[in-house]
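Chemist: Fold the following.
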Amino acid sequence: MSNHITSLLRRKILGVGLTGKSVILLMGDLASDDGSGIWASKARMARELETTDRTIQRTIKALIDAGFVSCVGERRHQNGSTFEYQINADRVDLCADAHDKPPTHRHPLAQHLGAKTQDVTPDAVSPPTEGHPTPDAVSPHAPTEGHPNQTKPNRTNCAADAAHNSDFDFVGFLSKFASVYPRMGDAEKTEDALRSALGEGADPKDILAGARAYAVEQDGNEARYIKFSENWISDGRWHRHVTAPSAKIDVQKTLAARAATILEAKPFICRSITAYAAGECIVAGLVSVDQCKAAGINL
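Modeler: Numbers count the residues shown, from 1 in each chain. Model prediction:
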């Protein structure tokens, strides 16, 4: 964010109304100190201002027509493009101030005063003032060391570049995600959802691994049963496919428990056992085919 740009926008009357001022203030919060670097999509700005995409599109066009904002770049990616905007600080600076500046009172200098107001005649009447030297006492406190002001770097919009790593290739990451996810949705919404997830600390490798696992899980399903990419990311669905390594599973114990469930023949439990899982118990000699059929498992 740029405190310089947002402060300038607040001090000026732009004549663009409530919606226009809200949009350009949000853009200023995303800009660098020269007003450039605004990569946020219209969908993201609409969500943050709680309005519609159409309102944002119409308002940005009005700001461009008024000369306050310029479209200076376009970043192409596999699912579309994202535009870069810049706030024209020089144009904003020409607008009237929102508050009147208080008058500046200056004390007159001696050379600006008339000769009659200057009394340069030595005072021969008043006795000289005796000067008393400051006693040479030791101060009980050690002198305070002055620290120079530290120059803090300008804060810039992070844009969720993968765990705040400036060298992270977000475009490449987005391309990899689009190549493995089974059903891509809206390009801008997908990009915004990925940036938001990365900004909250998600690991790009976990997201890609989750997308691959989801693609395998949904292999053969109709498209209508597969989530759009932006919804899958917003719901944090990759967490279901990426888990920490667990302790080694005792296969025999698992099969024995499953076989016991089949032998109990409770329909509301057995219907969750697949034919493949039942087949493992049959191969292990724990149950028979007839027992599986009696439990309601279709082999």
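
Chemist: got the contact list for stretch 53-72?
Modeler: 14-16, 19-20, 23-24, 27, 36, 42-43, 45-46, 49, 83-88, 91-92 (CB atoms under 8 Å, 6 or more residues apart in numbering). For every residue, glycine as well, the C-beta is placed using N, CA and C.

Chemist: Is it possible to mark the buried ones in these?
Modeler: Buried members of those, scored by 16 or more other CB atoms under 10 Å, are 14, 16, 20, 23-24, 27, 36, 42-43, 45-46, 49, 83, 85-88, 91-92.

Chemist: In strands, which of those appear?
Modeler: 83, 85, 86, 87 (DSSP state E).

Chemist: Which pLDDT value goes with the closest residue to the third one other than its chain neighbours?
Modeler: Once flanking residues are discounted, residue 86 sits nearest to residue 36: 4.3 Å by CB to CB, 6 or more residues apart in numbering. In this prediction, residue 36 carries a pLDDT score of 83.

Chemist: how close does residue 36 sit to residue 286?
Modeler: 68 Å (CB to CB, to the nearest Å).

Chemist: contacting residues for the residue nearest to residue 185 when sequence neighbours are not counted?
Modeler: Closest residue to residue 185 apart from its sequence neighbours, by CB to CB, 6+ apart: residue 228 at 3.2 Å. Each residue near residue 228 by CB under 8 Å, 6+ apart is listed here: 183, 184, 185, 186.

Chemist: Now the buried members of these.
Modeler: The buried subset of the contacts of residue 228 (16+ other CB under 10 Å) comprises 183, 185, 186.

Chemist: Excluding chain neighbours, what is closest to the first one?
Modeler: Nearest residue to residue 183 in three dimensions, chain neighbours excluded: residue 226, at 4.2 Å (CB to CB, 6+ apart).

Chemist: what's the answer for residue 258, then?
Modeler: The spatially closest residue to residue 258, leaving aside those adjacent along the chain, is residue 281, at 5.6 Å (CB to CB, 6+ apart).

Chemist: quick one: secondary structure of residue 61?
Modeler: helix (DSSP: H, G, I helix; E, B strand; the rest coil).

Chemist: Now do the same for it: its pLDDT.
Modeler: 90.

Chemist: what do you get for residue 127?
Modeler: 58.

Chemist: Same question for residue 12.
Modeler: Residue 12 is given a pLDDT of 88.

Chemist: can you check residue 80 too?
Modeler: Residue 80 is assigned 65 on the pLDDT scale.

Chemist: if we can go back for a sec, phi and psi next, for the residue nearest to residue 185.
Modeler: Backbone geometry at residue 228, expressed as degrees, to the nearest 10, gives phi -60, psi 150.

Chemist: now swap in the one 5 residues further on and tell me
Modeler: Recorded main-chain torsions at residue 233 are phi -70, psi -50, according to degrees, to the nearest 10.
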